[in-house]
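In: From the sequence below, what's the structure:
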Amino acid sequence: MELSKLQGLLEFKAHEVHVAEAELSALMGREPGPLARPEEPSEPAVPAEGELQRRASTMNPMLRAAVLEDRRAAAEAGLAKAEFLPKVMLQYRRRRAPMTGTTHDAVAGFTVPLWLW
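Out: Below you'll find the model as predicted:
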């Protein structure tokens, strides 16, 4: 019984669709008849995860700030590690003075942090 009611309702609604199409065609100044069905929208292509992360990090100001903060912290860590290493210094200087003539100076230096001792 329920199935027959639903089938009858389905036929009635299909008839209503045809009537609505004819009315719409008349309003648009066309000959009555079935309207073309719109195409199903296609799903947009989703970029790869790496591309999405790159876009997010460049377009989102908060993520961009976080990426720059991470780079700054990494650079500071590299500078801090460099402070633990010995340093070598070489200098050369050439001077020309009217009374003494030309002089040449060379300086070499090597420093080792005291915490290594």
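In: Strands along the chain, start to end?
Out: 87-97, 101-111 (DSSP state E).
In: Sheet partners, orientation included, of the first one?
Out: Spelled out, it's strand 87-97. Strands that pair with strand 87-97, judged by DSSP bridges, come out as strand 101-111 (antiparallel).
In: For the partner strand, give me every contacting residue.
Out: 86, 87, 88, 89, 90, 91, 92, 93, 94, 95, 96, 97 (Cβ atoms under 8 Å, 6 or more residues apart in numbering). Every C-beta, even on glycine, is put in place using the N, C-alpha and C of the backbone.
In: roughly how far out does that strand sit from the chain middle?
Out: Relative to its parent chain, strand 101-111 has a centroid offset of 52 Å by Cα atoms, centre = their mean, to the nearest Å.
In: For that strand, give the mean pLDDT please.
Out: Mean pLDDT, strand 101-111: 90.
In: What residues sit buried inside it?
Out: Judged by neighbour count (16 or more other Cβ atoms under 10 Å), strand 101-111 contains no buried residues.
In: re earlier: okay if I get the contacts of strand 101-111 as a markdown table plus distance to residue 108, neighbour count and pLDDT?
Out: Compiled in a markdown table, the contacts of strand 101-111 are given as follows (distance: Cβ to Cβ, whole Å; neighbours: other Cβ atoms under 10 Å; pLDDT from 0 to 100):
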| residue | distance to residue 108 | neighbour count | pLDDT |
| --- | --- | --- | --- |
| 86 | 13 | 9 | 88 |
| 87 | 12 | 11 | 91 |
| 88 | 8 | 9 | 92 |
| 89 | 7 | 9 | 93 |
| 90 | 6 | 9 | 93 |
| 91 | 8 | 9 | 93 |
| 92 | 10 | 9 | 92 |
| 93 | 13 | 9 | 91 |
| 94 | 16 | 9 | 90 |
| 95 | 18 | 10 | 89 |
| 96 | 23 | 8 | 88 |
| 97 | 24 | 8 | 84 |
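In: Cool, thanks, signing off.
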